[in-house]
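K.L.:
quick one: sequence and predicted model below, then my questions.
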Amino acid sequence: MKVGFVTILGRPNVGKSTLLNALLSKKVSIVTPRAQTTRDTISGILTEKDLQIVFVDTPGIFEGKERLYKEMKKSAFESSRDVNAILYLFDASSKSFEEDFKILSSLRSEAPRIFVLNKIDLIRLERAKEIKEEIGKAFPDVPLIEASFIENFGIKEVKTAVLPYLEEGDPFYPEDWYTDKDLSYQAKEVIREKLLHFLHQEIPHQSAVFIDSIKEGKNGLEIDAIIYLEKENHKGMVIGKGGEMIKKIRVASLSEMGRMWHRPISSLTLKVEVNPNWRNDPKVLSKLGYGES
Ligand SMILES: Nc1nc2c(ncn2[C@@H]2O[C@H](COP(=O)(O)OP(=O)(O)OP(=O)(O)O)[C@@H](O)[C@H]2O)c(=O)[nH]1
Ligand SMILES: [Mg+2]
């Protein structure tokens, strides 16, 4: 069987998680219009006859001063080591690619690279030509695939491009697995997706979700979650007038979980707590699964 690991890297918001979900035809990683959506490395497992590719979605690489962001950057860089190939995504609508070039030259990995210019639906043909020239000049030997994942364009090409880098071996995961993450992790991510969707400004970035318990009840899954916030005055905004906002988040999370898992969820309770400075507190970060303790 041909097997291998392929890491998906790039700056925040370039479409890494969109690509992962498209490759698997399944939602494994949350997607929002906002940067810094993905906070962990998430594997999506594509198993076909005689083939298993583990695609690893990573947090977008950027310089953030909080410890959380340093851990995110570290995990993205670490997941590019010892893999069969690296898919590096560029956002075609970017004005400059300097930051990308900086990231690429600081990558310490021997793995072959494949470039993807995503979001070409947002630019004109002329600009695409210009960008390809600029990237080609900086990295003449790396192949570049043009894509618009939102329009299902270029996904097949991405899959085909990684095939030569796979090796003969046994599968890493059972054939019916599509992600390395359990239900508890997925539940937390869905709630984060809805926080990012409904809340403005910095509130979602300054929040974290912890799944206190998830168990199979008589009528379906019963989930208890805690939303941690950094500031006391954010609490009112997350709960909303008469509990309107938290209700919206709860209802949207429930329907998303139902769509993803195809199984009943009989209860979802959301508690809101304030935990100042959680993004810098190694103990809290570790409890939430970010970085080392
Ligand atoms: N116009 C356009 N938008 C796209 C395309 N691909 C993804 N997007 C959108 O770009 C936004 C970010 O997509 P994500 O997949 O969450 O990006 P990401 O790279 O995982 O972002 P982080 O997790 O923050 O690093 C979402 O609103 C997507 O719908 C594309 O080809 N064209
Ligand atoms: Mg992402």
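P.N.:
Structure's in. What do you need? Ligands and ions are numbered 1, 2, ... in the order given.

K.L.:
only C-alpha atoms for contact and neighbour calcs from this point on.
P.N.:
Fine.

K.L.:
tell me, what residue is most central in this structure?
P.N.:
T38 (3.6 Å; C-alpha atoms, centre = their mean).

K.L.:
secondary structure class for that one?
P.N.:
With DSSP: H, G, I helix; E, B strand; the rest coil as the basis, T38 sits in coil.

K.L.:
what's the burial count for the residue lying closest to it once chain neighbours are set aside?
P.N.:
Residue nearest to T38 in three dimensions, not counting chain neighbours: P59, with 4.8 Å by C-alpha to C-alpha, 6 or more residues apart in numbering. For P59, the neighbour count with other C-alpha atoms under 10 Å is 29.

K.L.:
next one: G243
P.N.:
The burial count for G243: 12, using other C-alpha under 10 Å.

K.L.:
check L268 too.
P.N.:
Residues contacting L268 under the criterion other C-alpha under 10 Å number 17.

K.L.:
on that earlier part again, contacting residues around the residue nearest to T38?
P.N.:
Contacts for P59 were tallied using C-alpha atoms under 8 Å, 6 or more residues apart in numbering; they are L9, P12, Q36, T37, T38, R39, D40, T41, M72, K73, S75, A76.

K.L.:
assumed it was part of a helix.
P.N.:
No. Counting by three-state DSSP, one finds P59 to be coil, located in no helix.

K.L.:
could I get the pLDDT score of it?
P.N.:
If you check P59, the pLDDT there is 96.

K.L.:
now K188
P.N.:
97.

K.L.:
where does it land in three-state SS?
P.N.:
helix.

K.L.:
just I211 next, same as before
P.N.:
strand.

K.L.:
ok, back up a step: next, the residue nearest to the centre of the chain: phi, psi?
P.N.:
Per-residue torsions, T38: phi -80, psi 130 (degrees, to the nearest 10).

K.L.:
per-residue pLDDT of it, please?
P.N.:
Here the pLDDT value assigned to T38 is 95.

K.L.:
next up, the contacts around it.
P.N.:
Here T38 is in contact with S17, S29, I30, V31, T58, P59, G60 (C-alpha under 8 Å, 6+ apart).

K.L.:
out of those, who's near ligand 1?
P.N.:
Checking the contacts of T38 against ligand 1 by C-alpha under 6 Å from any ligand atom, the ones in range are S17, V31, P59, G60.
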